[in-house]
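Asks: Fold the following.
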Amino acid sequence: MNNPESIHALAYFNLLKTGSWVEGRVKEALRPFKLTHAQLNVLYILTENDPNPVCANEVKRRILVNNPDVTRLLDRLVKKGYVVRETCPENRRKIDISLTDIGRTLFEKAHHSAKLALGHFFKNQITENEAKELRRILGKIRS
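Replies: Prediction:
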């Protein structure tokens, strides 16, 4: 297996396997909170901007987890009481999304649980320089 095509295939499958492993660990950690990875991702985006609201289009643009139906995802979070959806006072066509106090508290607990489930995976497994190199390589793959 010294031919370059094989090593690229092995790298590809290793990347998929690692992604599935991470996703599985996060899924298990979020189960007690009745949250999906996509929902946690939305709460994270809102937490980054808290207390300022984020428009629904910005959530859709920034979400990491592949979920094309952000409207339904937001509907579920509104129904659970974790976020509120309001019409923007300056632009009635724009919908602002904000965290509720319950959503903020839940995010903190769920995010902590997900980090514990991964065992601070990157910090414990690879050096800072390796993390920078991994980030560079993954960025290169996506470009």
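
Asks: any weak-confidence spans in this protein?
Replies: Per-residue confidence of the chain (counting by pLDDT under 70) places the weak regions at 1-4, 65-68, 119-121.

Asks: now the helices for it?
Replies: 4-30, 37-49, 56-62, 70-79, 101-117, 121-125, 128-142 (DSSP state H).

Asks: helices and strands around the fifth one, which ones?
Replies: On a contact count with 3 or more CB pairs under 8 Å, 6 or more residues apart in numbering; DSSP states H and E, helix 101-117 meets helix 4-30, helix 37-49. Every C-beta, even on glycine, is put in place using the N, C-alpha and C of the backbone.

Asks: residue closest to the middle of the protein?
Replies: residue 41 (3.4 Å; CA atoms, centre = their mean).

Asks: before we move on, back to that, could you look over the helices and strands packed on helix 101-117 and pick the most buried one?
Replies: By mean neighbour count, with neighbours taken as mean count of other CB atoms under 10 Å, helix 37-49 ranks first of the helices and strands packed on helix 101-117 at a mean of 20.

Asks: how far does that helix sit from the chain's center?
Replies: With CA atoms, centre = their mean, to the nearest Å as the basis, the distance from the averaged C-alpha position of helix 37-49 to the chain average is 7 Å.

Asks: now that helix against helix 70-79, angle please.
Replies: 80 degrees (axes from the mean of the first three to the mean of the last three CA atoms, to 10 degrees).
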